[in-house]
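Novice: quick one: sequence and predicted model below, then my questions.
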Amino acid sequence: MHKTSKWLLGIFGLLIGLIWLFPFYLIIVNSFKTPKGIFASVLKLPAPLTTANYGDSFRALNFLGSLTNSLIITVAGVLLIILASSMGAYALQRNHSKLSGFILMLFISAMLIPFQSVMIPLTAMFGKVHMLNMVGLVIMYLGFQCSLSIFLYQGTLNSIPVAMDEAAEIEGASKWQTFFKVIFPMLSPITVTVAILNIIAIWNDYLLPSLVLPQSQYTIPLQMFNFFGEYTKQWHLALAGLALSILPVIIFYLFAQRYIIKGVTDGAVK
């Protein structure tokens, strides 16, 4: 019975994996086809195979410009989130008081507030101070994403003994030196996890940038929305553009995926 259960579980896992990979197969395979090849069959391999779709999509999508905007927003947002949430979690975890516990609960409760309920007053407020741009968007991400990040850092900091802080203070280290030279390096697994989760969330976000950014600062998801609207009858170009847009995140995710489970486990179990 035990072997049968493991065999059935393996088959089930394989089916789930194939279902998950199927959309990627359709995107990649059809991005190398001619329009005639797509309408003939979306499942068959491309015959003839053409790479011209990627060059045409690259130019029509203004890929370099939108990629640069996405990179600036994502990198700036993730760095600020990591810095603010790690320092905030450290301060809350090391100061055991009713106030710190209350503040932590506020951060955790903030995760339950849907963005749609605050997007109109938020954009109106930022519009009054002329912050409907990339800088304002990064600040908004800092506010929205810090709650989950602080929660994850808090769980990992519980496993780091206070004796590490005390030893650093005996050696003459200040609070800043203790955090950045002793504590923060020990947070590297959860830091990678926080980075990956926020990179995926910020990079793929459409709704918030669509409310904030002018057309000259469009990110890849915004460009893809307009691109699909313009090229809905030219699926060979639209699918090539979609493949270009998801490629950076897939590369980064495959490179760093092993840190996700380790970081979440460290924060949840220890």
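Specialist: Happy to help now that I have it. Please read all numbers here as calculations on a predicted model, not as lab measurements.
Novice: from now on I want contacts and neighbour counts done on CA atoms only, so please keep to that.
Specialist: OK.
Novice: residue 43 - nearest residue in space that isn't next to it in sequence?
Specialist: Spatial nearest neighbour of residue 43, chain neighbours left out: residue 26 (6.8 Å); criterion: C-alpha to C-alpha, 6 or more residues apart in numbering.
Novice: next, find the distance separating the one you found from residue 19.
Specialist: Counting by C-alpha to C-alpha, to the nearest Å, the separation of residue 26 from residue 19 is 11 Å.
Novice: what is the rounded mean pLDDT of the longest helix belonging to the chain?
Specialist: As assigned by DSSP state H, the longest helix anywhere in the chain is helix 63-94. Mean per-residue pLDDT for helix 63-94: 92.
Novice: that helix - contacts with which helices or strands?
Specialist: Judged by 3 or more C-alpha pairs under 8 Å, 6 or more residues apart in numbering; DSSP states H and E, the packing partners of helix 63-94 are helix 98-110, helix 134-157, helix 188-204, helix 220-230.
Novice: how about it: buried residues?
Specialist: 63, 65-67, 69-78, 80-82, 84-90, 92-93 (16 or more other C-alpha atoms under 10 Å).
Novice: over to stretch 203-211?
Specialist: 203, 204, 206, 208, 209.
Novice: what's the closest of those to residue 147?
Specialist: residue 208 (17.4 Å; C-alpha to C-alpha).
Novice: which SSE is that closest one in?
Specialist: Taking DSSP states H and E as the definition, one finds residue 208 inside helix 207-212.
Novice: got a markdown table for the buried residues of stretch 203-211, with pLDDT and distance to residue 169 too?
Specialist: Shown next, in a markdown table, are these (pLDDT from 0 to 100; distance: C-alpha to C-alpha, whole Å):
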| residue | pLDDT | distance to residue 169 |
| --- | --- | --- |
| 203 | 88 | 40 |
| 204 | 85 | 42 |
| 206 | 89 | 46 |
| 208 | 91 | 43 |
| 209 | 92 | 44 |
